[in-house]
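[1] Show me how the following folds:
(chains A and B, ligands or ions: 2)
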Amino acid sequence: MNTKKEINNIFKIKNLNLFYADNQALIDLEVNIEKNKVTALIGPSGCGKSTFLRCLNRMNDLIEICKIRGTITFEDRNIYRPNYDVIDLRTNVGMVFQKPNPFPMSIYDNVSYGPKCQGIKDKKILDEIVEKALRDAALWDEVKDRLHSSAMMMSGGQQQRVCIARAIAMEPKVILMDEPTSALDPIATQKVENLIENLKKDYTIVIVTHSMQQAARISDNTVFFLLGKIIETGPTNKMFSNPNKQETEDYITGKFG
Amino acid sequence: MRAKKRRKIDKMIQSLIYLISFIGVIIFVSIIGYIVTTGGKLLSFELLTGNYQAKVTDIFVESNGDNYTYPSSENEYYSPRWDIAVKDSINKEGNPIVEISYIGDNSPMKKAKNLNDCLIGDKSFCSEYSSVNIVVGNSIKTVIMDDYNQIAYGKYKAEAMVKVLEKGSTINSMSIQKEGGGIRGSIITTIYLIVLTLILAVPVGVFTALHLKEYSKNKKSTYLIRSMIDLLTGVPSIIYGMIGVVVVIPMLNIIFKTNGSSILAGAFTMAIILLPTIIKNTEEALKVIPQEIRAASLALGASKTQTTFKVVLPSAIPGILTGVLLGIGRIIGESAALVLVMGAAIKDQVSIKEGSTTLAVHIWQAVGGEQPNYELAAAISIVILIVVFILNRIAKIIAKKMNKSWY
Ligand SMILES: Nc1ncnc2c1ncn2[C@@H]1O[C@H](COP(=O)(O)OP(=O)(O)OP(=O)(O)O)[C@@H](O)[C@H]1O
Ligand SMILES: [Mg+2]
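    Ligands and ions are numbered 1, 2, ... in the order given. Predicted coordinates for the structure are as follows:
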């Protein structure tokens, strides 16, 4: 029983402490992320959800004042080990940001960017990758006639799905999403949620959200953060119906946050 | 009551704005008007493509005994014996000349013999002659007929010259001048200087900006470099010209075996002048690029270098172009520093290892002498205006094509 569970955990976080200069943003985190499941990170604003998410693909490296202690293993290898290949990590752990951030290039160039950076030059292979990624992102039919027009000209919802397609094109094992629908209207949100539902089969997804409904609808597991600490973690339906901690219940029912 | 007062003040301020902008428009229109009306007359294909140095050819012609006819117009003087008409005119430097205004197809002048190749220009030392192509627009400086007493100079005016020409059947020696004053050399020099300067300044400027904005982690040193750049932007160009003379020229003398002033020295000096502008503009362009775009690229497993060259730099091109354009404007407009490092001698044969003049320095030459030639200066100004206009269009088109809107 115990060993089976270990195999299924793609990320294992142990004793994680994170500081922005002298400001501690994450305190003694211990949590596992299950493979091929959707994990929702919830909690009030400023509690460290985005910070934690950025630890998983080492995007915190870009923030100079950020200091990290503890271990995070991805497929049982510590990603903060000194000679760990960050580029390799990021090709396996993709990220979708809160604000849609397509490159100022054509849709095609956006989606093929990652593979091209990995050295794929063959036009045929790239064409295939782009088509597959756009199909998986349920965007192919909408954009197949204008692959070479600028991605900046699309609606916010379409841009966000291009960004998801761009991440999928790398065929990562994990996709990290930081409030991917917060900048979108309800219809676009619906589309992105359906998309996440479909991606579940092939990918491990970690998603930050402020919407309890969204967390309840799409996630298998939930991690509840409060003031840099993990208060509670477990299967979503259990946590939403019968939380262990009072704070969790208060947050989920909207008493604070 | 208060609303009324406010409306009144609004109206007053509005009229003031109109008035001031109207004054501005008038100033611009009158400047352009002055340049076009003064220089327009002189502007011609010959001016643009012609040599600056006048070329004099001495010839020797024999009449065939025929008398020709030509319906000469009012200010022309016709010589039936030689079948040419001349008129009084003024050359590009503003000096009076006797200009050939017509030359018949069967004119004996067409068989003129070139004396320039003969020893001391005397036909008695010559057995073979090369031919001379005399065309309308050439001027006649001197005429010596077979009877050596019959001599005419250009300053005698056209009428007197024709009288002398009619007084003999052999022209012993005639000096034909192909007029100079063309600006071809200066146009070519300007183009050379722009291209060379940009080749030197753009890569260095862009890479420095990339270093400052994208790579450098050392806040103190970047602050120092930035303050230095700000300072250098304000330094008058004559100081750079001086640096060009004491540093650049001796250096180039050793490396490229130049001999004193040269276009190359001009390019190095201008590159130093332009660097701060190009660095600043590139940096501004890099600043506008959202951090999220860089993050997106890195999150896709792109390396720092890939991010910089595939996403960041292409997005900054319109901004870089603005810097380049400002730079070109500065190259075209510079004169003081260039006189120091490239000299002020107007050339027809341009070589980058030798000194020469740009259009701006040519203007400086035209109006700086004892007899300022404002027509020529204005004509060159028109050329400069056209060049600047074309460059602006090109830059706008490129910027539009590559424009990346972030909003
Ligand atoms: N780049 C940074 N530099 C310094 N402090 C930061 C930085 N990013 C976040 N912080 C701090 O870390 C803490 C956690 O921030 P974080 O963005 O992770 O919260 P969050 O849970 O994602 O909030 P939200 O729901 O509003 O997005 C906050 O106190 C914030 O001020
Ligand atoms: Mg956040």
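[2] pLDDT on the helix or strand encompassing residue B:29, on average?
    With elements delineated by DSSP states H and E, residue B:29 resides in helix B:2-39, which encompasses its position. Along helix B:2-39, the predicted local confidence has a mean pLDDT of 92.
[3] In three-state terms, label the spatially most central residue of chain A for me.
    For chain A, residue A:176 is the residue whose C-alpha lies nearest the centre (C-alpha atoms, centre = their mean; 1.2 Å). At residue A:176, secondary structure determined by DSSP: H, G, I helix; E, B strand; the rest coil is strand.
[4] my guess is it meets residue A:57, correct?
    Yes. Taking C-beta atoms under 8 Å as the definition, residue A:176 is a contact partner of residue A:57 at 6.0 Å. To be clear about C-beta, it is placed using only N, CA and C from the backbone, and glycine gets the same treatment.
[5] okay, and the common contacts of those two?
    Taking C-beta atoms under 8 Å, 6 or more residues apart in numbering or on different chains as the contact definition, residue A:176 and residue A:57 share the neighbouring residues A:93, A:94, A:95.
[6] quick one: contacts for the first one?
    It refers to residue A:93. The neighbours of residue A:93, taking C-beta under 8 Å, 6+ apart as the test, are A:56, A:57, A:74, A:172, A:173, A:174, A:175, A:176.
[7] what number of residues lie near residue 55?
    Here I'm looking at chain A. Counted with other C-beta atoms under 10 Å in any protein chain shown, the neighbours of residue A:55 add up to 25.
[8] Not quite, go with chain B.
    Around residue B:55 sit 13 other residues, with neighbours defined as other C-beta under 10 Å.
[9] Pretty sure residue B:350 sits in a strand.
    No. Residue B:350 is assigned coil when assessed by three-state DSSP, not a strand.
[10] pretty sure it is in contact with residue B:190, am I right?
    No. Under the criterion of C-beta under 8 Å, residue B:350 is not in contact with residue B:190, lying 9.9 Å apart.
[11] ok, those two, which is more surrounded?
    More neighbours sit around residue B:190 than around the other of residue B:350 and residue B:190, counting by other C-beta under 10 Å; the figures are 26 against 19.
[12] Could I get the contacting residues of residue B:339?
    Contacts for residue B:339 (C-beta under 8 Å, 6+ apart) come out as B:241, B:361, B:364.
[13] what bits of the chain have low per-residue confidence?
    Unless you meant another one, I'm taking chain A. Counting by pLDDT under 70, chain A contains low-confidence ranges at A:1-7, A:256-257.
[14] not what I meant, chain B
    Scanning chain B with the threshold set as pLDDT under 70 gives B:1, B:119-125, B:402-407.
[15] Distance of the residue minimising distance to the centre of chain B relative to residue A:180?
    Nearest to the mean C-alpha position of chain B, counting by C-alpha atoms, centre = their mean, stands residue B:359 at 2.7 Å. For residue B:359, the distance to residue A:180 under the criterion C-beta to C-beta, to the nearest Å works out to 58 Å.
[16] hey, where'd the strands end up in the chain?
    No chain was given, so I picked chain A. Per DSSP state E, chain A carries strands over the ranges A:9-20, A:23-34, A:38-42, A:66-74, A:77-78, A:93-96, A:174-178, A:204-208, A:221-226, A:229-235.
[17] please go with chain B instead
    Using DSSP E, the strands assigned to chain B run over residues B:55-62, B:76-79, B:84-90, B:96-103, B:113-114, B:139-145, B:151-153, B:170-178.
[18] What are the buried residues along the helix holding residue B:29?
    Of the residues in helix B:2-39, B:35, B:36, B:38, B:39 count as buried by neighbour count, 16 or more other C-beta atoms under 10 Å in any protein chain shown.
[19] Looks like the last one contacts residue B:375 (just checking).
    Yes. Applying C-beta under 8 Å as the test, residue B:39 and residue B:375 come out as touching, 6.0 Å apart.
[20] quick one on the thing from earlier: quick one: closest of the strands of chain B to residue B:48.
    With C-beta to C-beta as the measure, strand B:170-178 is the member of those nearest residue B:48 (15.9 Å).
[21] Quick one: name the residues of the stretch 301-407 of chain B near ligand 1.
    Of all the residues in the stretch 301-407 of chain B, not one is in contact range of ligand 1 (C-beta under 6 Å from any ligand atom).
[22] which residues of the stretch 301-407 of chain B fall in helices?
    Ranges of helices in the stretch 301-407 of chain B, per DSSP state H, counting those that start in this stretch, are B:304-306, B:313-333, B:336-342, B:359-368, B:374-402.
[23] Looking at these, which one is packed in the most?
    Mean neighbours per residue, mean count of other C-beta atoms under 10 Å in any protein chain shown, is largest over these for helix B:336-342, with a mean of 24.
[24] How far off centre is that one?
    Distance of helix B:336-342 from the chain centroid (C-alpha atoms, centre = their mean, to the nearest Å) equals 15 Å.
[25] before we move on, what about stretch A:190-199?
    For stretch A:190-199, the gap between its own C-alpha mean and the chain's C-alpha mean amounts to 13 Å (C-alpha atoms, centre = their mean).
[26] Number of residues surrounding residue 107?
    Because you didn't say which chain, this covers chain A. 28.
[27] That was the other one, I meant chain B.
    By the criterion of other C-beta under 10 Å, residue B:107 has 21 neighbours.
[28] Count the neighbours of the closest residue to it other than its chain neighbours for me.
    Residue nearest to residue B:107 in three dimensions, not counting chain neighbours: residue B:83, with 3.6 Å by C-beta to C-beta, 6 or more residues apart in numbering or on different chains. Residues contacting residue B:83 under the criterion other C-beta under 10 Å number 23.
[29] How about residue B:75?
    The burial metric for residue B:75, expressed as a neighbour count using other C-beta under 10 Å, is 13.
[30] Run through the residues that contact it.
    Listed by C-beta under 8 Å, 6+ apart, the contact set of residue B:75 reads B:87, B:88.
[31] pretty sure the residue nearest to the centre of chain B contacts residue B:187?
    Yes. Under the contact definition of C-beta under 8 Å, residue B:359 touches residue B:187, with a separation of 6.6 Å.
[32] tell me, what's touching these two both at once?
    residue B:383.
[33] quick revisit: surely the residue nearest to residue B:107 touches residue B:70?
    Yes. Using C-beta under 8 Å, residue B:83 is in contact with residue B:70, at 6.9 Å.
[34] Identify the contacts common to those two.
    Overlap between the contact sets of residue B:83 and residue B:70, as judged by C-beta under 8 Å, 6+ apart, is given by residue B:104.
[35] All set, thanks.
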